[in-house]
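Chemist: coordinates only, sequence not included:
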């Protein structure tokens, strides 16, 4: 296959690693993004967020000439394949904004031409791919349409893109073949599904993970209510016992995907997804439950609380949907003062780690950054993750 690829939303967390990987595989890839600041940044060889191995790989890909970066929508019509990686927002009720996605696609379709493959990489509401194919027919535009969900973990995309098999759901057999040929360049297996099966596969995956974390967080709260150590129980039931290999550790479940996609699945099922909705209650309620448990042991009203880590997960610089911010809001109502720190997020309100620990009366861990791995904090610590070292007696 010697096709050229235009990636819409190409400077984001999904599009940029994909473009680098395709350029490495010998394909001409163009990253198209409406954010001109990001375009300049990426064109200059700067990824702009934490992605293992990406900075060097980006510089190398740009030097070969196989990777281009542009803010011109004309790039859409120039590619043989158009990959859509734009975000899929939800409203204040956590229902998908289908109309917003449609409007974004209208801008893309206005620049497309016959013979192209339109490949959706964004998480979409089930039925969108088939619906989009029908829109193409109504417009008389001979474009193949496929859905291939992104399956990588943020921060590890370059490694995982060339490791995990790709799910391909095409509106036609030709669309499936063309999408399979594209991802076959990365040396991975191809799993064929119908479009709605591929769309549900993505939602099932994220909802499963979200529910799995909620189970552990609920167990954590039960153990805490009875004065038991969840982490000792966790270590006991998972040691040398393969039946519990899938038992997730406790901790915050944030980020731009898991909650959103769980709620999208509920919306698709006519708002009947009890286990997913219960998982949201547990996971989103964890910061409040943690603070309430502390209030049962001490009066927080005169305390300065420090939160270590504001990213949605350890090793990330992404604050989107991070429960550390919900924790900050709860603590602001309960404590005299709240201070925050994070080695990867630039925020003028944050303070250096040493100052946060020095000024704190009580410390909460919000994200498991490696920079905190060897900390020994001789103050009260709330660490739902069991990540920090114990200070000892």
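Modeler: Received, thanks. Owing to the predicted nature of the structure, the values given are computational and were not obtained by experimental measurement.

Chemist: Setting aside sequence neighbours, what's the nearest residue to residue 204?
Modeler: Nearest non-adjacent residue to residue 204, counting by Cβ to Cβ, 6 or more residues apart in numbering: residue 265, 7.4 Å away. C-beta here means a position set from N, CA and C on the backbone, and glycine is covered the same way.

Chemist: Can you say which helix or strand has that neighbour in it?
Modeler: helix 258-268 (DSSP states H and E).

Chemist: how close does residue 113 sit to residue 6?
Modeler: 11 Å (Cβ to Cβ, to the nearest Å).

Chemist: out of those two, which sits in the busier spot?
Modeler: residue 6 (29 against 13; other Cβ atoms under 10 Å).

Chemist: what about that one, which helix or strand?
Modeler: strand 4-8.

Chemist: Surely the residue nearest to residue 204 and residue 277 touch.
Modeler: No - between residue 265 and residue 277 there is no contact under Cβ atoms under 8 Å: 10.2 Å.

Chemist: Those two: which has the busier surroundings?
Modeler: residue 265 (20 against 14).

Chemist: sorry, back to before: what's the strand holding residue 6 in contact with?
Modeler: The contact list for strand 4-8 (Cβ atoms under 8 Å, 6 or more residues apart in numbering) reads 15, 18-19, 22, 27-33, 75-76, 78-86, 108, 182.

Chemist: Restricted to helices, list those residues.
Modeler: 15, 18-19, 22, 75-76, 78, 108, 182 (DSSP state H).

Chemist: Taking those, tell me the two that lie furthest apart.
Modeler: Within these, two members stand farthest from each other by Cβ to Cβ: 22 and 108, at 18.6 Å.

Chemist: Which one's more surrounded, those two?
Modeler: Under the criterion of other Cβ under 10 Å, the comparison of residue 22 against residue 108 puts residue 22 first, with 26 against 18.

Chemist: Contacts only, for residue 29.
Modeler: 4-7, 18-20, 22-23, 61, 66-68.

Chemist: Quick one: neighbours of residue 329, just the number.
Modeler: Neighbour tally, residue 329, other Cβ under 10 Å: 12.

Chemist: Actually, residue 337.
Modeler: Using other Cβ under 10 Å, residue 337 is surrounded by 14 other residues.

Chemist: And for the one 4 residues further on?
Modeler: Residue 341: 24 surrounding residues under other Cβ under 10 Å.

Chemist: That'll do, ta.
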